[in-house]
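Q: Need the 3D shape of this:
(2 chains)
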Protein chains: 2
Amino acid sequence: MNIALSQLNYIIGDIEGNTSKILAAIAKAKEAQVDIIVFSELAICGYPPKDLLDYPSFIERCEIGLDRIRKETRGIAALVGGPAWSGLEKGKKLYNSAFFFADEKLLKRIDKTLLPTYDIFEEYRYFQPNETFECVDYKGERIAVTICEDLWNLDQEKLYKVTPMDELYSQNPSVMINLSGSPYSYNHVEKRRKRMQLNAKNYNLPLFYVNQVGGNTDILFDGGSMFINRMGEIVEECEFYKEDFKVIKWDSNHIYKDNHQDYYDYDIGLIHDALVMGVRDYFAKVGFKNAVLGSSGGIDSAVVHAIAAEALGAENVKAITMPSEYSSSGSVDDAKKLAENLGSPFSNIAINDVFDSLNDTLTDEFTGTEPNVTEENLQARSRGIILMAYSNKFGNMVLNTSNKSESAVGYSTLYGDMCGGLSVIGDLYKEQVYDLARFVNRYGEVIPYEIINKEPSAELRPDQKDSDSLPPYPILDKILFHYIEEKKGWKEIVAMNEEELDEAVVRKIVRMVDRNEYKRFQASPTLRISHKAFGAGRRMPVVARYNH
Amino acid sequence: MNIALSQLNYIIGDIEGNTSKILAAIAKAKEAQVDIIVFSELAICGYPPKDLLDYPSFIERCEIGLDRIRKETRGIAALVGGPAWSGLEKGKKLYNSAFFFADEKLLKRIDKTLLPTYDIFEEYRYFQPNETFECVDYKGERIAVTICEDLWNLDQEKLYKVTPMDELYSQNPSVMINLSGSPYSYNHVEKRRKRMQLNAKNYNLPLFYVNQVGGNTDILFDGGSMFINRMGEIVEECEFYKEDFKVIKWDSNHIYKDNHQDYYDYDIGLIHDALVMGVRDYFAKVGFKNAVLGSSGGIDSAVVHAIAAEALGAENVKAITMPSEYSSSGSVDDAKKLAENLGSPFSNIAINDVFDSLNDTLTDEFTGTEPNVTEENLQARSRGIILMAYSNKFGNMVLNTSNKSESAVGYSTLYGDMCGGLSVIGDLYKEQVYDLARFVNRYGEVIPYEIINKEPSAELRPDQKDSDSLPPYPILDKILFHYIEEKKGWKEIVAMNEEELDEAVVRKIVRMVDRNEYKRFQASPTLRISHKAFGAGRRMPVVARYNH
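A: Have a look, this model is predicted:
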């Protein structure tokens, strides 16, 4: 039996476009004598469609797309993900389903049982969980079809009372197929492989696993669809971050050799590739070609510039350096050198006049007050307004250059350096930004070494250094990781007795994270690379009184 | 038997503060010879605690608070909402529970069965649904305790397969108690009453229903706790928008008379009161006293100014008018007159110099281009930067003055008029803003009639009117309501054959709504008064291709 893994990059809501992609893959599969071609979860509409699912007209259009696909399955079977009306009198209106089409008929519809509703996932918002289990018989094989999370309730981490594959196993299936929509995070690639391998071993069944690929706003799908044999060895694995199509000549009695690519848990190269795909797809899917960013001569904007240049072409990324009286001349030179190294257009637009006119305009109102953070923010906002004007005039999207450490403690200015349509490195702690800079320079200097080696500073007042008001980044990042990713309270962090994590510092940082929820509420979408990113994955009350 | 309804305004995460409030109410209840005092859902931590529930240390602190409460129940029973560890090997870690304390003991813990996960609700994100049902026997009564949504699965709208009260009813209870966290929306007050009355009638049982009150960021809880007799009549009803404490001398054989307050479905007075509470609580709970807003002389900022003055005191609301060369002199005069009518501090800060310096600074970069929306946005952003500077310098929070019609079609400038810590009227369509203005003026002119009667204009270019590029607001609002609240697709809206809703206009507006998802993503929290507000209640993909 020939089974094809069809790993595609869908545009959410573009049902006609997605249908065409799926039909093209089916045509290709027919030529390759494929018996069953497998697509990913909710392929017809792209994953996650979010509240588009609340529109009955949206579901109807999905049905039309699915019906077009059904009609193209003469001589082949296709497994396609899509929403389905539940028809229930009691319960939610929709299922998250896999449509098993064969020879122009719907052979069976399989509904998803386990609905992830945590972190970025909110499937129980839309779907009714399935409660009945039946394998599909096709061409002499008995196929256990499941959808994504359905294969994750095993081992130590049982979030659900039912394990769908246990139910299906009692019907003696000969093979498993899983339609997935499984996003990337830097510790998820290996975890996903291991759990799928565990499924194959547990049930002593081969597994065909198909994921989607591509960036959908903040959520990055890495692909990595695979065929795992009954020994739990990964025999075939699709490309990461690219569309792919693999035909597996499968014989249920054959033993295959492990053949998977070497990617590991925390791999800065994978993070790099994820961000490049995220930028590329965000622009492509909204129809933008050009970016603009504020290039300060610091490490954050340098890394964003390099990523954007790779994603969009350096010539399509405009860098603007906007010095103030507090900017060092080195900063301007470094930003310029970076643009030259990359080959990007570059401008130097001093903000002094705008800053002065703002101060003049506010003189009467501010009589009798002392300069404070207000004036620092005026600088950041002058820069923001210039970038946005450039964006409005020429149609370049502004890239935000904040990192996760800054966002966490609110070391950023609303409507100033928080401007932008997309945050590229907003899910990377400062130490990870340095890792990424070194990765960018792996074949030689792209980001000038001066930028990597200088001490971080916002340059908003004379001789300012980040370390004036924050602990050194290795300490800061450690506290933030414990608090955000590991969900430890301040007492637990202090109790870990790690070096330099004393109570006063930990409490201060944790409070800063809480207090700045209101800023992050208005942040741009942020490419997600960790398992706990700011944004849809971390939903905190803005008004709360907790770590006081 | 004396049962007390304790309707309190909690601060999310302030477990110690909430515990103290609960203890004070218990002390008061003891004095009043109360047998059972009832608090609302998740009272210990305030509702909704969101991802604070992911922190084990948070749950432990809730447990400590609950234990303090237990110890104060000598001679009384108290029903308090709080999270509880499920202890399950398979399933989620938490229940959303009601703790029935009596005489210093936990008599019973009741766990919530139906977990709303739609619109603003995301309870299945955190909680395991209960599957066992048992009444509580106390002082000769058999009490059916349920939590909020548990009483909503009846009649035509059955979202769930189980109806908890059906299960409990088989045990012959003598009374129902429901702990609720039910937010306000303008069509929810009457709906909530009707459904609770239906429960009482259906089961022929009296119902004690306790809701929380107060604004929690965007979500407004209106209170309205009640006692309904077995005939389905509302015998007692707590205040709306205020803390309240009512002792009901209840005799299960007695027949009571209907006594509820007259509030109706769409009541602009209720919307007004909801917004006033929302502003007051947002400020009080984050510790701010003063607001600042841009007062353009238009209807939106006028209404926001009036609401804020009522919530915070007019003297605590600074109004700044920021004319440009395109502002009519009438606008400045109207804004000034409004501030005088209300008694608020007022400044006139012209933006011409800032605008000119921005244009000068960008001259080289913009050589060869024509003025367009860029320059309009520069004006809006100059105003935003001035308001934020005022906020930074004096500690006044900026109030956003956008309305829902504008947000919907993106008729607003990111980092310009979209600035602000809180959007006050962002869930009111333009026509509703006018309703509200008339309500504010119900006893005489507060908002100058000139403001109400002038034609809406952004005044960003000569002789600009909103109607230049948008259909008249009554038409626009109607299309938006069909699309957003009623979730009709453009074809359905056109098919309604309503006057002036022709295909070209409908498609254009629907596309504008979709295309501006990226702007709303960065909007401030918005006080929610409808059943489908932008923000947490409507989760659309930013990058999508749907209504093309």
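Q: what residue of chain A is the furthest out?
A: Here chain A reaches farthest from its C-alpha mean at residue A:368, the gap being 48.1 Å by C-alpha atoms, centre = their mean.
Q: Helix, strand or coil: sort out it for me.
A: Here residue A:368 takes the coil state, with states given by DSSP: H, G, I helix; E, B strand; the rest coil.
Q: So, low pLDDT: which residues of chain A?
A: In the predicted model, chain A carries pLDDT under 70 at residues A:253-255, A:258-266, A:548.
Q: If we use 50, what do you get?
A: Chain A contains no residues with pLDDT under 50.
Q: domains for it, by residue range?
A: A:2-254, A:270-467 (automatic domain parsing).
Q: possible to save these as CSV with distance to residue B:158?
A: C-beta: built from backbone N, CA, C; applies to glycine. Listed next are these as CSV, based on distance: least, C-beta to C-beta, whole Å:
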stretch, distance to residue B:158
domain A:2-254, 4
domain A:270-467, 38
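Q: Quick one: these as a markdown table, columns for distance to chain B too.
A: Output for the domains of chain A, formatted as a markdown table (distance: least, C-beta to the nearest C-beta, whole Å):
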| stretch | distance to chain B |
| --- | --- |
| domain A:2-254 | 3 |
| domain A:270-467 | 4 |
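Q: returning to what we had before: return the distance of the residue farthest from the centre of chain A relative to residue A:519.
A: Going from residue A:368 to residue A:519 by C-beta to C-beta, to the nearest Å gives 28 Å.
Q: what does residue A:287 give?
A: Residue A:287 is 29 Å from residue A:519, by C-beta to C-beta.
Q: Okay, and residue A:24 sits in which element?
A: helix A:15-31 (DSSP states H and E).
Q: picking that back up, what sits against the residue farthest from the centre of chain A?
A: Contact partners of residue A:368, counting by C-beta atoms under 8 Å, 6 or more residues apart in numbering or on different chains, are absent.
Q: Residue A:287 and residue A:519: which is more packed in?
A: Neighbour totals were compared for residue A:287 and residue A:519, and residue A:519 leads with 19 against 8 (other C-beta atoms under 10 Å in any protein chain shown).
Q: in a strand, that's where that one is, yeah?
A: No: applying three-state DSSP, one finds residue A:519 to be helix, outside a strand.
Q: That one touches residue A:414, doesn't it?
A: Yes: applying C-beta atoms under 8 Å, one finds residue A:519 in contact with residue A:414, separated by 5.5 Å.
Q: quick one, helices of the stretch 1-150 of chain A?
A: With DSSP state H, counting those that start in this stretch as the criterion, the stretch 1-150 of chain A has helices at A:15-31, A:56-70.
Q: got the CA positions of the shortest one in CSV?
A: Backbone C-alpha positions of helix A:56-70 (Å, rounded to 0.1, in the frame of the first residue of the first chain) are rendered in CSV as follows:
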residue,chain,number,x,y,z
PRO,A,56,-22.4,29.2,9.9
SER,A,57,-21.5,30.6,6.5
PHE,A,58,-17.9,29.7,7.1
ILE,A,59,-18.7,26.1,7.9
GLU,A,60,-20.9,25.9,4.8
ARG,A,61,-18.0,27.1,2.7
CYS,A,62,-15.8,24.4,4.3
GLU,A,63,-18.4,21.9,3.3
ILE,A,64,-18.3,23.1,-0.3
GLY,A,65,-14.5,22.8,-0.3
LEU,A,66,-14.7,19.3,1.2
ASP,A,67,-17.2,18.3,-1.4
ARG,A,68,-15.0,19.4,-4.2
ILE,A,69,-12.3,17.2,-2.8
ARG,A,70,-14.6,14.2,-2.4
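Q: What residues of it count as buried?
A: By 16 or more other C-beta atoms under 10 Å in any protein chain shown, the buried positions in helix A:56-70 come out as A:57-59, A:61-63, A:65-66, A:68-70.
Q: Quick check: which helices or strands does that helix pack against?
A: Counting contacts by 3 or more C-beta pairs under 8 Å, 6 or more residues apart in numbering or on different chains; DSSP states H and E, helix A:56-70 packs against helix A:15-31, strand A:77-85, strand A:94-102.
Q: So what's the residue count around the closest residue to residue A:1 other than its chain neighbours?
A: Excluding the flanking residues, the one nearest residue A:1 by C-beta to C-beta, 6 or more residues apart in numbering or on different chains is residue A:35, at 4.8 Å. Close neighbours of residue A:35, defined as other C-beta under 10 Å, add up to 18.
Q: Could you pull up phi and psi at the nearest residue to residue A:541 once chain neighbours are set aside?
A: Distances taken as C-beta to C-beta, 6+ apart place residue B:12 nearest to residue A:541, at 4.6 Å, with adjacent residues excluded. As for residue B:12, its main-chain torsions (degrees, to the nearest 10) stand at phi -60, psi 130.
Q: pretty sure residue A:236 belongs to a helix, no?
A: No: going by three-state DSSP, the assignment for residue A:236 is strand, not a helix.
Q: Secondary structure element holding the closest residue to it other than its chain neighbours?
A: Counting by C-beta to C-beta, 6+ apart, residue A:236 lies nearest to residue A:227, which is 4.3 Å off, once chain neighbours are set aside. Using DSSP H and E, residue A:227 sits within strand A:226-228.
Q: Give the full set of residues in contact with residue A:3.
A: Neighbouring residues of residue A:3 by C-beta under 8 Å, 6+ apart: A:34-38, A:177, A:208, A:227, A:247-248, A:250.
Q: What are the buried residues along the longest helix seen in chain A?
A: As assigned by DSSP state H, the longest helix anywhere in chain A is helix A:373-394. Going by neighbour count (16+ other C-beta under 10 Å), the buried part of helix A:373-394 is A:374-393.
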